[in-house]
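Participant: how does the following fold in three dimensions:
(one chain, ligands or ions: 2)
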Amino acid sequence: MRISVIGTGYLGVTHAACMAELGFEVMGLDVDVEKVAALSAGRVPLYEPGLEELLKKQLAAGRLSFTTDVEALAAWAGEGAVHFVSVGTPQKKGEYAADISQVDDAFDSLARAVAGQGRSLLVGKSTVPVGTASRIADRVAELAPNAEVAWNPEFLREGFAIQDTLRPDRLVIGVRSEQAEQDLRRVYAQLLEADVPLVVTDFPTAELVKVSANSFLAVKISFINAMAEVCEASGADVMQLAQALSYDPRIGGRYLVPGLGFGGGCLPKDIRAFMARAGELGVDQALAFLKEVDAINMRRRARTVDLAREQCDGSLLGKRVAVWGAAFKPNSDDIRDSPALNVAASIHLQGAQVTVYDPKATDNARKMFPTLTYADSALQAAHQADVILHLTEWQEFQDLDPAVVARHVSDTRVIDSRNALDAAKWRAAGWTYRALGRP
Ligand SMILES: NC(=O)C1=CN([C@@H]2O[C@H](COP(=O)(O)OP(=O)(O)OC[C@H]3O[C@@H](n4cnc5c(N)ncnc54)[C@H](O)[C@@H]3O)[C@@H](O)[C@H]2O)C=CC1
Ligand SMILES: O=C(O)[C@H]1O[C@H](OP(=O)(O)OP(=O)(O)OC[C@H]2O[C@@H](n3ccc(=O)[nH]c3=O)[C@H](O)[C@@H]2O)[C@H](O)[C@@H](O)[C@@H]1O
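Facilitator: Residues are numbered from 1 along each chain as shown. Ligands and ions are numbered 1, 2, ... in the order given. Okay, here's the model as predicted:
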């Protein structure tokens, strides 16, 4: 059984390399010629810990290759192959709904390419609105009656992508036949032997598990951020509140870290697409709460901007602001819907001179926000700053000595929007330390 992966972005390249690590012969395909050239040369054009090493290892072992040619891929994969589709499903411009044109295009070209071959399984991994898998299965049945569709949503987190793929919390497969289930059981045999739970279900349930999981995580984050708003108004400390809540095993401490809120290429667009789909299904009331989850989340960005203005004596005009962090989370270079860059851009619009530093995401940030200034280190960004904004909690920032940082700035004021710096340490070094939801 050979495996292919269509779309080699954050998800696809990880999946391809991990399938090769499981011992399969794997071919990845992307429409982006430069991406395919980079991957073929052993270079991952994004930052994910351990991924480039894994890619190089699998290329050297001859188990992994990349192409832009779907016909060649289909011929190579042959009968009995499992093809995964992991192309993007971004939010449509100006709408909540997801743009699933990449998914439609990928399945169309793949189905045409495998038509006339022996049996093959085309497996969607992209996050899609419920109902998509069934529609695509009908389309594939027209184009390639020899091929079958299954849906296998992905739950990996960026920054932990390899371990989440090779040791996932669970596998979910939406299938319409015993044969499709058996094919996927073969793909994941090593994981199943290691007792990874498997849920075998229908298409709509598989699709919904994915978006409801991301919605639940978003709810948890916005819940604690709503508590942060109340803490701030009442003088309470949201970090202590979250700690106390976390000891209740029914609540748990994960995804309960208050701060600047969620961003990235998934949680924000997935809850919006889910709301849009619920509207189409006539059950928009069921998900009305997600609108508030989204609003709470966006208010954290606005509150950070306000706090920066307050710290700069009421006006950001002409102030020098150091921004630590550009990625939407640490250990990633992903800046899609990054709260850090959103705050940096707003502060820049209010007339401040903003200097951004991120250990891995600076190049991506520079392309999207060319008018911001970028530094090569946290200390360089802090040079003569009136205030420092800590917006992505890279370990590197937590390791800095506040006394050393103090020697570089104009004023010792820091806003820790991720609640990750050691407040006592910074205060002891003479800093005015402010965080969201804490006195
Ligand atoms: N990034 C993540 O951590 C996770 C993403 N997902 C979902 O997986 C999907 C992919 O997400 P990412 O990898 O982050 O997106 P991405 O934008 O990084 O990657 C998508 C890739 O597909 C390629 N592509 C577009 N159209 C194509 C076509 N017709 N044929 C072949 N390749 C094509 C693009 O060039 C790009 O390289 C989305 O639905 C996302 O919601 C799910 C779980 C985790
Ligand atoms: O569908 C997806 O693409 C993925 O989306 C998230 O993964 P990811 O976006 O990589 O990042 P997370 O670690 O979940 O963080 C998301 C955002 O929430 C923020 N966050 C997270 C946890 C927390 O307690 N507080 C908080 O503000 C992070 O800073 C980040 O901006 C989910 O965790 C994955 O399970 C899912 O597969």
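
Participant: how about the residues of the stretch 201-350 of the chain near ligand 1?
Facilitator: With CB under 6 Å from any ligand atom as the criterion, the stretch 201-350 of the chain meets ligand 1 at residues Gly265, Cys266. Where you see a C-beta, it was placed from the backbone N, CA and C, and this is true even at glycine.

Participant: try 8 Å
Facilitator: Residues of the stretch 201-350 of the chain lying close to ligand 1 by CB under 8 Å from any ligand atom are Lys210, Gly264, Gly265, Cys266, Lys269, Asp270, Asp334, Arg336.

Participant: where exactly do the strands run in this structure?
Facilitator: 3-6, 26-29, 64-67, 82-85, 120-124, 147-151, 171-174, 198-201, 320-324, 353-357, 373-374, 387-390, 413-416, 432-435 (DSSP state E).

Participant: how about the second one, does it reach ligand 1?
Facilitator: Pointing back at strand 26-29 there. Yes - counting by CB under 8 Å from any ligand atom, ligand 1 has neighbours in strand 26-29: Leu29.

Participant: so which elements touch that strand?
Facilitator: Judged by 3 or more CB pairs under 8 Å, 6 or more residues apart in numbering; DSSP states H and E, strand 26-29 is in contact with strand 3-6, helix 10-21, helix 33-40, strand 64-67, helix 70-77.

Participant: next, the buried residues of the second one.
Facilitator: Along helix 10-21, these residues count as buried under the neighbour rule (16 or more other CB atoms under 10 Å): Tyr10, Leu11, Gly12, Val13, Thr14, His15, Ala16, Ala17, Cys18, Met19, Ala20, Glu21.

Participant: ok, which of the residues you listed also contact ligand 1?
Facilitator: Answer for those near ligand 1 (CB under 8 Å from any ligand atom): Tyr10, Leu11, Gly12, Val13, Thr14.

Participant: how about those in a markdown table, adding pLDDT?
Facilitator: A markdown table is the format used below for those (pLDDT from 0 to 100):
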| residue | pLDDT |
| --- | --- |
| Tyr10 | 96 |
| Leu11 | 98 |
| Gly12 | 98 |
| Val13 | 98 |
| Thr14 | 98 |
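
Participant: let me see the domain layout of the chain.
Facilitator: According to automatic domain parsing, the chain is divided into the following domains: 2-201, 216-435.

Participant: show me the subset of the ones next to ligand 1 among the buried residues of helix 10-21 that also lies near ligand 2.
Facilitator: Tyr10, Leu11.

Participant: and which of the ones next to ligand 1 among the buried residues of helix 10-21 is nearest Asp30?
Facilitator: Relative to Asp30, the closest of those is Gly12; by CB to CB it sits at 7.4 Å.

Participant: leaving out the residues flanking it, which one is nearest to that closest one?
Facilitator: Ser86 (3.9 Å; CB to CB, 6 or more residues apart in numbering).

Participant: tally of neighbours for the one you found?
Facilitator: 28 (other CB atoms under 10 Å).

Participant: so what's it up against?
Facilitator: Ser86 is in contact with Val5, Ile6, Gly7, Thr8, Gly9, Leu11, Gly12, His15, Lys125, Ser126, Glu154, counting by CB atoms under 8 Å, 6 or more residues apart in numbering.

Participant: what's the spacing between it and Met19?
Facilitator: Separation of Ser86 from Met19 (CB to CB, to the nearest Å) stands at 11 Å.

Participant: give me the common contacts of the two.
Facilitator: Val5.

Participant: would you mind listing what in the stretch 151-300 of the chain touches ligand 2?
Facilitator: So far as CB under 8 Å from any ligand atom goes, the stretch 151-300 of the chain lies against ligand 2 at 154-161, 164, 210, 213-214, 217-218, 220-221, 224-225, 254-267, 270.

Participant: among those residues, the buried ones, what's the PyMOL command?
Facilitator: To isolate in PyMOL the members of these that are buried, counting by 16+ other CB under 10 Å, one can use:
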select buried, resi 154+155+156+158+159+161+164+210+213+214+217+218+220+221+224+225+256+257+258+259+260+261+262+263+264+265+266+267+270
